[in-house]
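1. What would the 3D arrangement of this be:
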Amino acid sequence: MDTGIEQAESRGLRWATWALWALALAGLVYLAGLTLWLGMTGLLFPYQLDYGEGTHLHYVKEIAAGRPIYRPIGSYPFITSNYAPLPFLLALALTPLLGMTYAAGRIWTLLAILAIVAMMLVWIRKETGRWLPAIVAALLFVGSPYIYHWAPLFRVDLIGLALTLGGLFVVYLAIPRQLAEANQRSRPYLLGLAVILFVAALYAKQSFLFAPAAALIYLFIFVDRRQAILMAAAIGLLGGGLFLVLNALTGGSFWQSMVVANVNPFLWPEFWQQQGDFFGTFAILALLAIWYIVDKFLLERTTPLRAKTGLLDLYLPLALSSVLLAGKAGAWENYYFEALAALALAGGLGLARLISSPRPLLQIAAPLLVLTQIVLMWHTPEVASRYTRLTRQSAEEMAPILASTPDPIFAEDMGLLVTYDKVLDYHSFEYSQLAEAGRWDQSWELGQLRDRERALVVLDRGTRLDVDRYRRFTRAFLSELDRNYRHVGTVGKFESVSYT
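-> Prediction:
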C-alpha cells in the first residue's frame, strides 16, 4: 500500500516537474524572441537608437573616405575614437551590400549573439552530457534585458565578447580533460586560433582581458607551462605589434585616443546602483553558479582538486571582477556582459547538477529557480516600441530643420548629424570628460557659443535640467549656452532643440 502511494507521489512529482519545465521554457522562448524581434527591428531602423551609434557610423564613413579616426586630442575636428578599429572595419566590409547605414554594424551584433549562444550550448552540453541545462542557460543569456537592450545596436561590446569567449572556447577544445589530467601537451594549432581570437577581441574593445588571463593561468598551472608561456608571448607579440604599427601610422594618436582620452571619472553612487541592479536582476543565475562551485568543490571531495578544476572555474571569478570597471562615467549594462556570460555558463552547469540530483526536491527546485529568474528579468516590448516610434518621429521632424541650417551644428544626438550628412566636429561626451579631468580647457567650444558661431544647438530632452544625468556636457558649456542663445522650439524627444 505504501509502495503504491510512493509511486503515485513520484509520478505526480515528475508530472509537476515536467509542467514547470514547460512553463519555464515557454517564458524563455518568449524573452529570447523579444531579443530577436528588437535586433531585427534595429537592422531596418535608419536612425541612431543609442548614444554612441552615430560616432561609430561616423568612423566607418571616415575610414571609407581615407580620413583618420584617431586624432590628436587638441586638433580640429575635436572627435577621435577611443575604441579599437575592428568593429568599424567589419561594418565597412558590409557597406557595399548594406550601404553606409547602421545595419552594416548592427548585423555584427546579432551575429555575435548567435555565436555566443552556440558556444554556450556546445560548452554546457559537452560538460554535462545534457541539452536541457545548455538550452536554458543560453536562453537566459539571450533573453536577458541586458542583451535585449543591446541587440539592435551598432556597438562594439557584444562583438568583443563573442571573440573573447571564442578564444576561451577554443582553448577548452584544445585541452580536453583527459589531456589535462595526463599533463599532456595541448593542440598547438587550436591555441594559435585562440591567440588570434583573443587579440581580435582586444581590438574590438580593449577591456576584454579576463578570458585570455584565465586561459593562460589554466594552461600554466594545469596543462603545460611551456605552452602557456608561448601563448602569452604570441598574444603580446601580435597584440603589441599591431598597437605599435597603428600608433606609428597615426603619429601617436592611437595611444592618445585609446589611453589618454579614456579618462572618464569613477562615480561611486552609480557604481553601487548598477551593482545592485545587476545582481538583483540575475540573483538566481548567480545562485546557480554558486551551487555549481559549492557542489563541485565543497560537497564532492573524492576527486582531487587538480583533477576537477576546469577552465571555466578560473574564468568565472575573473569575469565577475570585470564589474569593478562599471563605475566609469558612461558605463551601462554593456560593462556587465562578460560577467553575465560567465554566470550563464556556470549557472547552466549548476542547473545540470540539480537536474541530475537523486533527490526529487532538488529536481523540482531546478525549474522553480528558472521560473524565478524569468520573473526577475521579465520585460515586454512596449517601452522599446514607444521609443523607436518617438525616435523615428523626432528624427523625421528634425530633417527639414537640419537641411535649412548651415553647418556647423552642435548636437547631443550626433547620429542626427551623421544621418543627415551634416558636419560632425565635436564629441561632447568625450571632451566633457577630458575637461573634467583637467586635460581640456573647453576654450574652443565655449568660444563657439560666446561668438554664436553655431546656428543651431540640439540637446536631448531633460539635458538642461539635469546636466549630470548623462554627463555629456559640462556645466560651463550649458551656462555659456544659456547666456548666448535662447530656446526656440521642441521637436519630439529633443526638448531643447534649437537656439538662435
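2. how about the helices in the stretch 351-500 of the chain?
-> Assigned by DSSP state H, counting those that start in this stretch, the helices in the stretch 351-500 of the chain fall at 360-376, 382-403, 414-419, 428-436, 443-450, 475-484.
3. which other residues reach the first one?
-> It refers to helix 360-376. With CB atoms under 8 Å, 6 or more residues apart in numbering as the contact definition, helix 360-376 has outside contacts at 10, 13, 16-17, 20-21, 23-24, 27-28, 31, 136, 140, 143, 280-285, 287-288, 351, 354-355, 357. Yep, even glycine has a C-beta here, placed from its N, CA and C like the rest.
4. From the residues you listed, keep the buried residues only.
-> 17, 20-21, 24, 27-28, 31, 136, 140, 143, 281-282, 284-285, 287-288, 351, 354-355 (16 or more other CB atoms under 10 Å).
5. where in the chain is pLDDT low?
-> When residues are selected by pLDDT under 70, those of the chain lie in 1-9, 176-186, 496-500.
6. Next, work out how far apart F208 and L139 are.
-> 24 Å (CB to CB, to the nearest Å).
7. Sorry, slip of the keys, the one I care about is T164.
-> Applying CB to CB, the value for T164 to L139 is 21 Å.
8. can you check L49 too?
-> For L49, the distance to L139 - CB to CB - is 24 Å.
9. One more: A24?
-> Applying CB to CB to A24 and L139 gives a distance of 9 Å.
10. Same check on V245?
-> Going from V245 to L139 by CB to CB gives 41 Å.
11. what about those two, which has more around it?
-> Set side by side, V245 and L139 show more neighbours around L139, with 26 against 11, by other CB atoms under 10 Å.
12. how about that one, secondary structure?
-> Taking DSSP: H, G, I helix; E, B strand; the rest coil as the rule, one finds L139 in the helix state.
13. which element is the nearest residue to it once chain neighbours are set aside on?
-> Leaving aside its sequence neighbours, L139 sits nearest to L28 (CB to CB, 6 or more residues apart in numbering; 3.8 Å). Using DSSP states H and E, L28 maps to helix 2-44.
14. helices and strands around that helix, which ones?
-> Secondary-structure packing of helix 2-44 (3 or more CB pairs under 8 Å, 6 or more residues apart in numbering; DSSP states H and E): helix 103-128, helix 132-142, helix 145-150, helix 360-376, helix 382-403.
15. Kindly recompute the last result at 6 Å.
-> Contacts defined by 3 or more CB pairs under 6 Å, 6 or more residues apart in numbering; DSSP states H and E place helix 2-44 against helix 103-128, helix 132-142, helix 145-150, helix 360-376.
16. Dump the ones you listed into CSV; add distance to T391 as well.
-> What follows is the helices and strands packed on helix 2-44, written out as CSV (distance: least, CB to CB, whole Å):
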stretch, distance to T391
helix 103-128, 14
helix 132-142, 24
helix 145-150, 14
helix 360-376, 28
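17. Which stretch among these is buried most, on average?
-> Among the helices and strands packed on helix 2-44, ranked by average contacts under mean count of other CB atoms under 10 Å, first place goes to helix 132-142 (a mean of 25).
18. Report the next helix or strand after the helix or strand where Q273 lies in sequence order.
-> Per DSSP H and E: Q273 is located in helix 268-281. The helix or strand immediately downstream of helix 268-281 is helix 283-294, counting by DSSP H and E.
19. angle of that next one against helix 132-142?
-> 140 degrees (axes from the mean of the first three to the mean of the last three CA atoms, to 10 degrees).
20. which helices and strands sit right next to helix 283-294?
-> helix 337-355, helix 360-376.
21. Which strands or helices does the longest one pack on?
-> It stands for helix 337-355. If you count contacts as 3+ CB pairs under 6 Å, 6+ apart, helix 337-355 packs onto helix 103-128, helix 132-142, helix 283-294, helix 311-321, helix 360-376.
22. With distance to P406 added, can I get those in CSV?
-> Formatted as CSV, the helices and strands packed on helix 337-355 follow (distance: least, CB to CB, whole Å):
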stretch, distance to P406
helix 103-128, 29
helix 132-142, 46
helix 283-294, 52
helix 311-321, 49
helix 360-376, 51
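23. and of these, who's closest to P400?
-> Each of the helices and strands packed on helix 337-355 was scored for nearness to P400 using CB to CB, and the closest is helix 103-128 (24.5 Å).
24. any idea how far the closest one is from the chain center?
-> How far helix 103-128 lies from its chain's middle: 13 Å, per CA atoms, centre = their mean, to the nearest Å.
25. ok, now stretch 59-69?
-> On CA atoms, centre = their mean, the centre of stretch 59-69 falls 24 Å from that of its chain.
26. neighbours around L92, how many?
-> The number of residues near L92, taken as other CB under 10 Å, comes to 18.
27. Kindly report the same for the one 4 residues further on.
-> Residue neighbour count, defined by other CB under 10 Å, stands at 9 for P96.
28. ok, now L267?
-> When neighbours are counted by other CB under 10 Å, L267 comes out with 18.
29. Next up, the contacts around it.
-> Counting by CB atoms under 6 Å, 6 or more residues apart in numbering, L267 makes contact with G327, A329.
30. now it: how far from D407?
-> Per CB to CB, L267 is found 34 Å from D407.
31. what does G33 give?
-> Separation of G33 from D407 (CB to CB): 43 Å.
32. cool, H56 as well?
-> Distance of H56 to D407, given as CB to CB: 21 Å.
33. Compare those two (neighbour count), which wins?
-> Using other CB under 10 Å, the more surrounded residue of H56 and D407 is H56, with 25 against 14.
34. mind checking which helix or strand that one is in?
-> Using DSSP H and E, H56 sits within helix 53-64.
35. Next one: G327 from M100, what distance?
-> G327 is 35 Å from M100, where distance means CB to CB.
36. okay, those two: which has more neighbours?
-> G327 (20 against 16).
37. need the contact list for L140.
-> A344.
38. ok, the residue nearest to L139 touching A138?
-> No. Between L28 and A138 there is no contact under CB atoms under 6 Å: 9.0 Å.
39. Near the spatially closest residue to A319 that is not a sequence neighbour, how many other residues are there?
-> Of all residues not flanking A319 in the chain, A342 sits nearest, at 3.5 Å (CB to CB, 6+ apart). By the criterion of other CB under 10 Å, A342 has 24 neighbours.
40. try D50
-> 18.
41. Correct me if wrong: it contacts A151.
-> No. Look at D50 against A151 with CB under 6 Å: they stay out of range, at 11.1 Å.
42. How many residues are close by A93?
-> By other CB under 10 Å, 12 other residues sit near A93.
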